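Q: Turn this into a model:
(4 chains)
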Number of protein chains: 2
Amino acid sequence: MASDTRDAIRGVAVELFSKHGYEKTSLREIAEQLGMTKAALYYHYPSKQALLVALIEPLIEKWKVVAGRTAGLPVTHANVERILGEVLDVLLGHRAIAGMFARDAPAMFEAIGPFYQDLVDLTLRLHTWLAGPAPTTADRIRAVAATEVLGSALGWSPVIAEVSDHELRTVLLETAITVLRSADRPAL
Amino acid sequence: MASDTRDAIRGVAVELFSKHGYEKTSLREIAEQLGMTKAALYYHYPSKQALLVALIEPLIEKWKVVAGRTAGLPVTHANVERILGEVLDVLLGHRAIAGMFARDAPAMFEAIGPFYQDLVDLTLRLHTWLAGPAPTTADRIRAVAATEVLGSALGWSPVIAEVSDHELRTVLLETAITVLRSADRPAL
DNA sequence: GTCTATACCAGGATAGAC
DNA sequence: GTCTATCCTGGTATAGAC
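A: Residues are numbered from 1 along each chain as shown, chains lettered A, B, ... in the order given. Reported below is the predicted structural model:
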């Protein structure tokens, strides 16, 4: 087994990192909450950054899979709905971690530049795909906005916290699709 | 006059805070870039936090004005468009600072809790107003999503950076309104 | 009124004892 | 696998030069 201690450390780490931010969470705090010393953490994870990376990796992997699927995929209504749904599932399935990327971006970048860059690049590919072939500027803005709508799932608002994952998924998916479709409407 | 030096300090501070994040920006860095010592900064601003507050204040004031306007205002098409437009103008007029709140949230909260809480409360009031009277859960989610669409103006995507403020304003305003209106569409 | 020198404490990191 | 001792950097505080 991959060590109970490591699991416990990661658990406390996600909790504190998302609550107080990465920079403001001290290793002493994490250690104290686990009943060990700062230095003991260093046995299990060689640095604060390595601990962060261990938390991040599962999200990155799933994000790669979803964004990768868009390669060469035609931008049909059905495909857009499927991809956006998968994106939402990744966000909802890793809320705490994805929320860190959304809300604690500079810390994430300073700590794990290349990994962070991977996520950014993948997101840009998603934007490009969503904008469709030969997009206008407005199409590209809407692609960003649609992604932002999905990001609402990570929000701090009580509205978001109170709603069931299922309803959140349904409404946000429909809304994001509406945003992309709004190109078809006559100009205001 | 309110001191050239203070202006210069604030200029460098916004730049570095938004580039590397608040926590990761050291006062030494700021001082060096200005050709002075760390301690000299302390003459002009009594703490790193006070410097941050000085940057933040103009945004908070404007945000208060806009969110305050919604009090008792009927949720008509025209009013929604006017308020969302004003929100966009505030965001576009304070891009760097507003971006810090969007992307560096834990740092902002740790540093200036009460001020941050003000912004959050005002934003929640905006959500509530946008959701309209007797809102369904879906209405409330869409209100959050519409706000998130406006927040796209603060994004790091090259799409956003390349587009003119005017076109960004036009498209995002129209898109946010579409999101709120999408309740009228027949269910998927 | 503006700045320098200097010292203090907290947090991340490393070496080495047990 | 866990701890003590130690180092370095960054925010902070104060004394004092100009």
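
Q: can you confirm A:Val120 is in a helix?
A: Yes - counting by DSSP: H, G, I helix; E, B strand; the rest coil, A:Val120 is found in a helix.

Q: If we go by neighbour counts, what in the one helix or strand A:Leu172 maps to is buried?
A: Element membership for A:Leu172 (DSSP states H and E) is helix A:165-181. Using 16 or more other Cβ atoms under 10 Å in any protein chain shown as the test for burial, helix A:165-181 gives A:168-181. The C-beta positions use only the backbone N, C-alpha and C, and glycine is treated the same way.

Q: cool, and stretch A:65-78?
A: For stretch A:65-78, using 16+ other Cβ under 10 Å, the buried residues are A:Val66, A:Ala67, A:Thr70.

Q: out of these, which touch DNA strand C?
A: Among the buried residues of stretch A:65-78, none lies close to DNA strand C by the criterion of Cβ under 7 Å from any atom of the strand.

Q: Closest one to chain B out of those, please.
A: Among the buried residues of stretch A:65-78, A:Ala67 lies closest to chain B (Cβ to the nearest Cβ), at 14.3 Å.

Q: circling back to that earlier point, what's the helix holding A:Leu172 packed up against?
A: helix A:77-93, helix A:137-151, helix B:137-151, helix B:165-181 (3 or more Cβ pairs under 8 Å, 6 or more residues apart in numbering or on different chains; DSSP states H and E).

Q: Which one of the ones you listed lies nearest to DNA strand D?
A: Of all the helices and strands packed on helix A:165-181, it is helix B:137-151 that lies closest to DNA strand D, at 27.3 Å by Cβ to the nearest atom of the strand.

Q: Next SSE downstream of the closest one?
A: Taking DSSP H and E, what comes next after helix B:137-151 is helix B:158-162.

Q: can that following helix be found next to chain A?
A: Yes - Helix B:158-162 comes into contact with chain A (Cβ under 8 Å from any Cβ of the partner chain), by way of B:Pro158, B:Val159, B:Ile160.

Q: Format those as JSON lines; extra columns: pLDDT, neighbour count and distance to B:Glu61.
A: Below are the residues of helix B:158-162 next to chain A laid out as JSON lines (pLDDT from 0 to 100; neighbours: other Cβ atoms under 10 Å in any protein chain shown; distance: Cβ to Cβ, whole Å):
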{"residue": "B:Pro158", "pLDDT": "97", "neighbour count": "11", "distance to B:Glu61": "31"}
{"residue": "B:Val159", "pLDDT": "96", "neighbour count": "22", "distance to B:Glu61": "30"}
{"residue": "B:Ile160", "pLDDT": "98", "neighbour count": "19", "distance to B:Glu61": "25"}
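
Q: Return the subset of the buried residues of stretch A:65-78 lying in strands.
A: Applying DSSP state E to the buried residues of stretch A:65-78, no entry is found in strands.

Q: what are the phi and psi values for the closest residue to A:Val120 other than its chain neighbours?
A: Excluding its sequence neighbours, the residue lying closest to A:Val120 (Cβ to Cβ, 6 or more residues apart in numbering or on different chains) is B:Trp156, at 7.3 Å. Dihedral pair for B:Trp156: phi -90, psi -10, per degrees, to the nearest 10.
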